[in-house]
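>>> Any chance you can model this:
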Amino acid sequence: MASGFKINKRGIQQISREIEREFAKNPVRIPIEADPSGFALTPAVTVNNYHGPVVTVTGDHSQLAWNNGTVNQTQQRVEQIAPGYEDLARTLTDLLANLTVLKLGEDDDAGVRDNVETVLSEVVKGTPDQGVIKRGLTMIKGLLAPIAAGIGAAVTAESTEVARHLIETLGNNLPL
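Residues are numbered from 1 along each chain as shown. All right, here's what the predicted structure looks like:
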């Protein structure tokens with residue numbers, strides 16, 4: 001670096017932590033009004049693959065079918081959702097099942113998936129941490145906001161309505 005200038009990496013990390021704490025205390029709110037009439041999420045799609053191996057991975061539970069003819073694979077993972085969080089969990093699972101409708105970018109899609117999985121893993125605990133849930137929902141709504149506002153390359157009228165409805169529903173489903 002010219003003339004002995006050095007970046008204070010520790011100072012930058014400290015500022016980043018302080019800014020993150022402030023945003024956690026004072027989340028950014030974007031008022032959006034949506035008309036959910038005529039809106040419905042389509043049910044999750046079943047994919048049938050008849051020509052090759054199928055690998056289904058959910059966490060550490062993987063299944064493999066190869067040259068077996070007809071295969072019926074199921075996973076019996078059932079977790080109890082904490083009381084009061086049922087509607088939130090239903091909305092988040094519907095969001096995951098229909099994420100392709102929103103046509104998010106690759107990074108935003110991954111961000112929504114990560115945050116949905118974080119929130120879903122929290123609502124199955126005996127006493128869910130409100131802070132983790134609020135941060136996750138804030139991130140999800142933030143990633144959906146550009147679509148709800150009609151900003152983006154692949155935004156359609158349908159995806160705008162879906163995003164608006166999801167943001168409103170996520171805001172209304174959080175138990176107090």
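>>> what does the model give Asp87 for pLDDT?
Asp87 carries a pLDDT value of 86.
>>> buried residues in the helix or strand containing it?
Here Asp87 is covered by helix 86-97, with elements defined by DSSP states H and E. Within helix 86-97, the residues that count as buried by 16 or more other C-beta atoms under 10 Å are Leu88, Ala89, Thr91, Leu92, Asp94, Leu95. Heads up, the C-betas are built off the backbone N, CA and C, glycines and all.
>>> Check stretch 161-176 too.
Glu161, Val162, Ala163, Arg164, His165, Leu166, Ile167, Glu168, Thr169, Leu170, Asn173.
>>> Need those in JSON lines (columns: distance to Pro31).
JSON lines is the format used below for the buried residues of stretch 161-176 (distance: C-beta to C-beta, whole Å):
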{"residue": "Glu161", "distance to Pro31": "17"}
{"residue": "Val162", "distance to Pro31": "18"}
{"residue": "Ala163", "distance to Pro31": "15"}
{"residue": "Arg164", "distance to Pro31": "11"}
{"residue": "His165", "distance to Pro31": "15"}
{"residue": "Leu166", "distance to Pro31": "15"}
{"residue": "Ile167", "distance to Pro31": "10"}
{"residue": "Glu168", "distance to Pro31": "10"}
{"residue": "Thr169", "distance to Pro31": "15"}
{"residue": "Leu170", "distance to Pro31": "14"}
{"residue": "Asn173", "distance to Pro31": "18"}
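>>> In strands only, show me those residues.
Among the buried residues of stretch 161-176, DSSP state E puts none in strands.
>>> Redo these as JSON lines? Include pLDDT.
Shown next, in JSON lines, are those (pLDDT from 0 to 100):
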{"residue": "Glu161", "pLDDT": "80"}
{"residue": "Val162", "pLDDT": "79"}
{"residue": "Ala163", "pLDDT": "79"}
{"residue": "Arg164", "pLDDT": "81"}
{"residue": "His165", "pLDDT": "80"}
{"residue": "Leu166", "pLDDT": "81"}
{"residue": "Ile167", "pLDDT": "81"}
{"residue": "Glu168", "pLDDT": "82"}
{"residue": "Thr169", "pLDDT": "82"}
{"residue": "Leu170", "pLDDT": "81"}
{"residue": "Asn173", "pLDDT": "69"}
